[in-house]
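Participant: Here's a sequence, model it:
(one chain, ligands or ions: 1)
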Amino acid sequence: MTTADYLSKRYPTTCPHCGKEIYATRNLGMLAGWFDTGLGTCPSCDMSCELEYDREKDILTAIDGERSKKINSLKTDRIKNNEIN
Ligand SMILES: [Zn+2]
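Facilitator: Numbering: from 1, shown residues only. Below is the predicted model of the structure:
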C-alpha cells in the first residue's frame, strides 16, 4: 500500500454530536505512528470530534474527548458573544 492509499482510506464512523455517519481519514501524524488520535470536524453539524485509531481492528472512531470539548466550547462562546454584540 502506498502512502497516498493509506491516507486516502476512509473509515465510516458516527458523529458523537449529531449521530450522523461521517467518513474520517487518518492524518500524517497517525501515519507516522506518533499518535493514534486526531481531530476532525463533522460536516453535518460543524462540531469538532476526536478521532481514535484502533490499530488492531483498523477502525477510526469519532469521540467527544477533552480536546474536542475545549474547541467546541470556544466555538459556542464565540457564537454567544456575537449574539450579545
Ligand atoms: Zn455531527
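
Participant: Which positions in the lengthiest helix in the chain come out as buried?
Facilitator: When the chain is parsed with DSSP state H, its longest helix is helix 66-84. Across helix 66-84, burial judged by 16 or more other Cβ atoms under 10 Å covers 68, 71, 72. C-beta coordinates here come from the backbone N, C-alpha and C atoms, glycine included.

Participant: Kindly indicate which of those lies nearest residue 24.
Facilitator: residue 68 (12.7 Å; Cβ to Cβ).

Participant: Now do the contacts for that closest one.
Facilitator: Residue 68 sits next to 39, 47, 48, 49, 50 when contact means Cβ atoms under 8 Å, 6 or more residues apart in numbering.

Participant: Residues in contact with the helix or strand that contains the last one: which ones?
Facilitator: Which is residue 50. Using DSSP states H and E, residue 50 sits within strand 48-54. Residues from elsewhere that reach strand 48-54 (Cβ under 8 Å, 6+ apart): 13, 15-17, 24, 26, 30, 36-42, 59-65, 67-68, 71-72, 75.

Participant: Keep only those of the residues you listed that are in helices.
Facilitator: 30, 67, 68, 71, 72, 75.

Participant: Just flag the most distant two among those residues.
Facilitator: Using Cβ to Cβ, the two most remote members of the ones in helices among the contacts of strand 48-54 are 30 and 75, lying 24.0 Å apart.
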